[in-house]
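In: predicted structure and sequence below. I'll ask about it afterward.
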Amino acid sequence: MPFEIVTTHFVAHEHDLDSAYDLYRRRIAGSGAEIAAVSPHPHPIDDEFMLWDLRCQAAYDNLAAPESLRLYELNALVDFATTNRDEALDSFFFEGPAEPTRFPASLGGLTGLTVRDEPRGPLSLTTIVYLGAPQHVLLAQQLFDATVAAHNTVAYQPYVVPLEGTEHAALVGPLWLRDATLNLIGKGDGVFSPGKDAWAGWLLTSDGPEDVEKQLRERIEPGTVVLARAVAEPF
């Protein structure tokens, strides 16, 4: 069965993080789902919209000092085959649907993951971004497959998906710049860089960012340019 990463974003005061993590571990353990891996601790996230949205929820819940709450993330690699997914997802919040909360939260994540290797150390979730002309999507897939095969890949999304550059400029922008430079020095394919397509693939790996960078595959040939970059986040 396909696994997925369930991401819990929540706001808390720093001194409450240990109790938030303990509560989270207890709740997901009782979800009925198979938990293959879980974040070793909450880690801070920079997302202004989500931060203020959850602070606003905290204000409605009459929690203390909502303006000083910080945004954190927890991840779990989960298979819901053993339970009802919709019901089990409630356990990835810090309270039941009708209960008051100490930690306002929202859920996100990645679905349709394939599980492969046993972890060999701390995990990171790595986004691999590709930039190329539209006809090179299959090449981007081949490059991603080769990268996945070269690593201790605990889980991965089997197929690259389109990535909208205007919404994910922080991920795609550095590739636009590299591609433009290649065009200027006569080593590119001559296609306007921001007009190219971008694709992304995700893998959960025990290998460090430096190892992923060393194994990153791309193609720079006359008429065929597909560039790649990897961005790792703590799991």
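Out: Structure's in. What do you need?
In: may I have the beta-bridge partners of the residue nearest the centre of the chain?
Out: Closest residue to the average C-alpha location of the chain: residue 125 at 5.6 Å, with Cα atoms, centre = their mean. Counting by DSSP bridges, residue 125 is bridged to residue 204, residue 233.
In: correct me, but it touches residue 212?
Out: No: using Cβ atoms under 8 Å, residue 125 is not in contact with residue 212; the gap is 11.2 Å. Heads up, the C-betas are built off the backbone N, CA and C, glycines and all.
In: shared neighbours of these two, anything?
Out: By Cβ atoms under 8 Å, 6 or more residues apart in numbering, residue 125 and residue 212 have these common neighbours: residue 232.
In: roughly how far apart are the residue nearest to the centre of the chain and residue 208?
Out: 13 Å (Cβ to Cβ, to the nearest Å).
In: repeat for residue 225
Out: Taking Cβ to Cβ, one finds residue 225 at 28 Å from residue 208.
In: more neighbours: these two, which one.
Out: residue 225 (25 against 13; other Cβ atoms under 10 Å).
In: which strands and helices lie in contact with the longest helix along the chain?
Out: As assigned by DSSP state H, the longest helix anywhere in the chain is helix 169-184. If contacts are counted by 3 or more Cβ pairs under 8 Å, 6 or more residues apart in numbering; DSSP states H and E, helix 169-184 sits against strand 124-132, strand 197-205, strand 224-234.
In: residue 197 contacts residue 138, doesn't it?
Out: No: Residue 197 lies out of contact with residue 138 (Cβ under 8 Å); the separation is 12.0 Å.
In: residue 152 contacts residue 122, doesn't it?
Out: No: assessed by Cβ under 8 Å, residue 152 is found out of contact with residue 122, at 11.3 Å.
In: who touches both of these two?
Out: residue 206.
In: who has more neighbours out of the two?
Out: Legend: neighbour count by other Cβ under 10 Å for residue 152 and residue 122, higher for residue 152 (17 against 10).
In: who touches the host helix or strand of residue 55?
Out: For residue 55, the host element (DSSP states H and E) is helix 48-60. Residues from elsewhere that reach helix 48-60, judged by Cβ under 8 Å, 6+ apart: 9-11, 66-67, 69-71, 104-106.
In: secondary structure, pLDDT and distance to residue 233 for those - can I get that in CSV?
Out: What follows is those, written out as CSV (DSSP: H, G, I helix; E, B strand; the rest coil; pLDDT from 0 to 100; distance: Cβ to Cβ, whole Å):
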residue, secondary structure, pLDDT, distance to residue 233
9, strand, 98, 13
10, strand, 98, 16
11, strand, 98, 19
66, helix, 97, 26
67, helix, 97, 26
69, coil, 98, 21
70, strand, 98, 17
71, strand, 98, 14
104, coil, 98, 22
105, strand, 98, 18
106, strand, 97, 17
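In: need the next SSE after the worst-scoring helix or strand of the chain on mean pLDDT, C-terminal direction.
Out: When each helix and strand of the chain is scored by mean pLDDT, DSSP states H and E, helix 209-214 comes last, with a mean of 88. Next helix or strand after helix 209-214 toward the C-terminus (DSSP H and E): strand 219-221.
In: show me what that next one is packed against.
Out: By 3+ Cβ pairs under 8 Å, 6+ apart, strand 219-221 packs against strand 224-234.
In: show me what the strand it packs on is packed against.
Out: Going by 3+ Cβ pairs under 8 Å, 6+ apart, strand 224-234 lies up against strand 124-132, helix 137-149, helix 169-184, helix 209-214, strand 219-221.
In: chain center to that strand: distance?
Out: 14 Å (Cα atoms, centre = their mean, to the nearest Å).
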